[in-house]
Structure formats: C-alpha cells, structure tokens
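> Provided below for reference: sequence and predicted model.
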Amino acid sequence: MRIVRFLVLIGLLMVLALQCRMCLRPAMVGKPAGELLSAGWFNSEPLSMKQLQGKLVLLDFWSVW
C-alpha cells in the first residue's frame, strides 16, 4: 500500500511540474523587447535597443521599501 501511495504522489508531482512548465513559458520569447526608457543611467550614456541588439543584457531591478 505504501508503494502505491508513493507512486501516485510521484505521478501527481510530475503532472504538476508539467503544468507549471507550460504556465511559466515567457510570453515574449522570439519577440523584440520594448524600448528602455530611463532618465538616469548610472554607468553609461542612455542606450537604445538598436545599440544593444545581439548583446547580452542584464537588468537588475531592486527597491528599498
């Protein structure tokens, strides 16, 4: 009986994992990113999306509440 419960639990976890994987797919994959608009850039002059095309861009969002 323990083995059956364990297998059912594993099956449910697998179904849940597959469902979450489908829900978490990024909506913007393959689509161009929006323009970056900011009044104050700390480490460079403001850049346009054309200047960043083909480059790896890391955006670090943080806040102090």
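Perfect, I can see it now. Residues are numbered from 1 along each chain as shown.

> Give the burial count for residue 33, as a bare number.
Residue 33 has 11 neighbours, counted by other Cβ atoms under 10 Å. In this view, the C-beta of every residue, glycine as well, is placed from N, C-alpha and C.

> hang on, it packs against residue 49?
Yes. Counting by Cβ atoms under 8 Å, residue 33 does reach residue 49; the two are 6.4 Å apart.

> other SSEs contacting the top helix by length along the chain?
Of all the segments of type helix in the chain, defined by DSSP state H, the longest one is helix 2-23. Contacting helix 2-23 under the criterion 3 or more Cβ pairs under 8 Å, 6 or more residues apart in numbering; DSSP states H and E is no other helix or strand.

> what sits in contact with each of residue 33 and residue 49?
Overlap of the contact sets of residue 33 and residue 49 (by Cβ atoms under 8 Å, 6 or more residues apart in numbering) is empty.

> Please compute how far the longest helix of the chain lies from its chain's middle.
On the basis of Cα atoms, centre = their mean, to the nearest Å, helix 2-23 sits 23 Å off its chain's mean C-alpha point.

> With stretch 47-64 instead?
The answer for stretch 47-64 is 14 Å, by Cα atoms, centre = their mean.

> cool, and stretch 56-65?
Computed by Cα atoms, centre = their mean, the chain-centroid distance of stretch 56-65 equals 13 Å.
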